[in-house]
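S.K.: sequence and predicted structure below; questions after.
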Amino acid sequence: MIDVIVIGAGPAGLAGAISCAENGLKVTVIDEFVRPGGRLLGQLHQEPSGEWWNGIKESERLHNEAQKRSVDIRCGVSVYNLEKDKDSWNVHTNIGTLIAPYVLVATGAAEFPIPVPGWTLPGVMSIGAAQVMTNVHRVEVGKKGIIIGANILAFAILNELQLAGINVERIVLPEKSPLSQNAGEPEEVMKSLLNAAHLAPSPILRFGSGFMKNEGFRKLGMKFFPKSGVKVNGTPLQLRKAALEILGKDQVEGVLTVDIDVNGNVIKGTEKIYEADFVCIAGGLYPLAELTAVAGCPFQYVPELGGHVPHHSEKMETPLEGLFVAGNITGIESGKIAMAQGTTAGISIAKHAGKGSTDINEKLEQAMKNVHTVRQNAAIQFNPEIANGRGKIYELWDDLYGKELDSLQEIG
């Protein structure tokens, strides 16, 4: 019999499975990809300390740790429904229905699509797809590329493409529209990028970013932002240019761009075509939380967390008995934070199941503290207001469910 089913074999799911198994639970992990690791598989970057973060090696470490603890990992398994039946959860998959009293949903995040005319041409891909093709499958995505969209994820993967010897000619914005939203507004993009200014390759950029955080200086800076862009590891970041259309007959041949003002409005008569044989669209990430919605879990829209997230506590519980969450499904953050949350979820599940040692409460408190520590030391924050977002969702939990849980514990 299975005690815990973990949906998602990424950093949160694998860490959660290890934590559950360490506390005496029998665990099965399922994932639709052909190998475990999730988004870790594509990650390769240098930390501010100088050390390299190799996602493939990290995923192998987690995989080995899970196997040592007899965790059953099944890849190529897709989940299409999740429902509660008395004291157990039924997880309906393409290989049949799996049943367990506890489920940890660690499905991660997905990329926002930003429609650009011509985006169905061969050679157009999301920035995440370029990362996987380059770092996982070792496939060269092209010879000369353009990234449409400027955000923290785009910069991280730009560096990875450059390390692989792939030439990215420039980064431009998508055209301002209801679909592109803030991604098409230069000043809003600049505000988001300033929170990663400590990672900028140039001391001048790092120094200047301090002034740019002031609204007045930022507006002035955007007004005089060079049309040729500011180079990021050799690639021009052009915040005053937008992509109107991706051009090509049978595959990508170029991108039609136009100059834009500080508010993202098109300046007519400034159209220009840049040659390219591949285009990456970078729309950012949002929590991939549909399965918890199918299960009946209530949601809250928290923009600081990346979108709609399931109601959950700091112990990674949801209001549905036996259903837990961890990782980017709860808000967009790094793989290290996802692992810390997974560990917390595993200990929390063990506590609910009556497993673990006598110091299980102390372990849970320590795991939650570790999530805070890892977050504070994170080199990259996808959203600078993440702490406020976490505070909102935990305050919501206390308001809606805290008293109810306290009453149940008193009865018990």
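M.R.: Received, thanks. Numbers count the residues shown, from 1 in each chain.
S.K.: can you pull out the strands in the stretch 201-350 of the chain?
M.R.: Using DSSP state E, counting those that start in this stretch, the strands found in the stretch 201-350 of the chain span residues 230-232, 235-247, 254-259, 272-275, 278-281, 285-287, 299-302, 307-310, 323-325.
S.K.: select, out of these, the one closest to E385.
M.R.: Among the strands of the stretch 201-350 of the chain, strand 299-302 comes nearest to E385, with 9.6 Å by C-beta to C-beta. C-beta coordinates here come from the backbone N, C-alpha and C atoms, glycine included.
S.K.: quick one: average confidence on that closest one?
M.R.: Averaging pLDDT along strand 299-302 gives 97.
S.K.: sort out which residues of it are buried, please.
M.R.: Under the neighbour-count criterion of 16 or more other C-beta atoms under 10 Å, strand 299-302 has Q300, V302 buried.
S.K.: who does it pair up with?
M.R.: Taking DSSP bridges as the criterion, strand 299-302 forms sheet pairs with strand 307-310 (antiparallel).
S.K.: low-scoring stretches of the stretch 301-412 of the chain, by residue?
M.R.: Confidence mapping of the stretch 301-412 of the chain against pLDDT under 70 gives the ranges 380, 403-412.
S.K.: same thing with the chain?
M.R.: Ranges of the chain meeting pLDDT under 70: 45-50, 194-224, 380, 403-412.
S.K.: domain map for it?
M.R.: The chain resolves into domains spanning 4-111+285-411, 124-281 when parsed by automatic domain parsing.
S.K.: just to revisit the earlier point, redo the strands of the stretch 201-350 of the chain as TSV? Include distance to A129.
M.R.: Shown next, in TSV, are these (distance: least, C-beta to C-beta, whole Å):
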stretch	distance to A129
strand 230-232	21
strand 235-247	15
strand 254-259	17
strand 272-275	21
strand 278-281	8
strand 285-287	13
strand 299-302	27
strand 307-310	20
strand 323-325	25
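S.K.: out of the ones you listed, which is closest to G145?
M.R.: Of all those, it is strand 278-281 that lies closest to G145, at 4.3 Å by C-beta to C-beta.
S.K.: now the closest one: how far from the chain's centre is it?
M.R.: A distance of 19 Å separates the centroid of the chain from that of strand 278-281, by C-alpha atoms, centre = their mean, to the nearest Å.
S.K.: can you tell me which helices and strands it packs against?
M.R.: Packing partners of strand 278-281 (3 or more C-beta pairs under 8 Å, 6 or more residues apart in numbering; DSSP states H and E): strand 124-126, helix 127-135, strand 144-148.
S.K.: pick the most deeply packed of the ones you listed.
M.R.: Among the helices and strands packed on strand 278-281, strand 144-148 has the highest mean neighbour count (mean count of other C-beta atoms under 10 Å), at a mean of 24.
S.K.: pull the residues that contact the helix or strand just after that strand.
M.R.: Next helix or strand after strand 144-148 toward the C-terminus (DSSP states H and E): helix 152-163. Contact with helix 152-163 is made by 42-45, 127-128, 130-131, 134-135, 141, 145, 147, 168, 171, 192-193, 195-196, 199, 232-235, 280, 282, 284-285, 380-382, as judged by C-beta atoms under 8 Å, 6 or more residues apart in numbering.
S.K.: before we move on, back to that, identify whichever of the helices and strands packed on strand 278-281 lies nearest to A367.
M.R.: The closest of the helices and strands packed on strand 278-281 to A367 is helix 127-135. By C-beta to C-beta, the value is 28.7 Å.
S.K.: make JSON lines from the domains of the chain and add distance to P117 to it.
M.R.: Shown next, in JSON lines, are the domains of the chain (distance: least, C-beta to C-beta, whole Å):
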{"stretch": "domain 4-111+285-411", "distance to P117": "19"}
{"stretch": "domain 124-281", "distance to P117": "4"}
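S.K.: residues contacting F382?
M.R.: Contacts of F382 by C-beta under 8 Å, 6+ apart are N151, I152, L153, G284, L285, G306, I332, E333, S334.
S.K.: can you say which of those residues are buried?
M.R.: Neighbour-count burial within the contacts of F382 applies to N151, I152, L153, G284, L285, G306, I332, E333, S334; the criterion is 16+ other C-beta under 10 Å.
S.K.: just the closest of those residues to A243, please.
M.R.: Nearest to A243 among the buried ones among the contacts of F382: N151, at 14.8 Å, using C-beta to C-beta.
S.K.: hmm, G284 and that closest one touching each other?
M.R.: Yes: contact criterion C-beta atoms under 8 Å: N151 and G284 qualify, at 5.2 Å.
S.K.: who touches both of those two?
M.R.: Overlap between the neighbourhoods of N151 and G284 consists of A183, F382, taking contacts as C-beta under 8 Å, 6+ apart.
S.K.: please produce CSV containing the helices and strands packed on strand 278-281, extended by distance to G391.
M.R.: Shown next, in CSV, are these (distance: least, C-beta to C-beta, whole Å):
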stretch, distance to G391
strand 124-126, 31
helix 127-135, 28
strand 144-148, 33
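S.K.: between the ones you listed, which one is closest to Y401.
M.R.: helix 127-135 (34.0 Å).
S.K.: packing partners of the closest one?
M.R.: helix 152-163, strand 278-281.
S.K.: switch to 10 Å and redo it
M.R.: Helix 127-135 makes packing contacts with strand 44-46, helix 55-68, strand 109-111, strand 124-126, strand 144-148, helix 152-163, strand 278-281 when contacts are defined by 3 or more C-beta pairs under 10 Å, 6 or more residues apart in numbering; DSSP states H and E.
S.K.: can you list those in JSON lines and add distance to A289?
M.R.: Formatted as JSON lines, the helices and strands packed on helix 127-135 follow (distance: least, C-beta to C-beta, whole Å):
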{"stretch": "strand 44-46", "distance to A289": "26"}
{"stretch": "helix 55-68", "distance to A289": "22"}
{"stretch": "strand 109-111", "distance to A289": "9"}
{"stretch": "strand 124-126", "distance to A289": "19"}
{"stretch": "strand 144-148", "distance to A289": "26"}
{"stretch": "helix 152-163", "distance to A289": "18"}
{"stretch": "strand 278-281", "distance to A289": "22"}
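S.K.: closest one to P11 among these?
M.R.: P11 sits nearest to helix 55-68 of all those, at 7.0 Å, using C-beta to C-beta.
S.K.: how far is the closest one from where the chain is centred?
M.R.: 20 Å.
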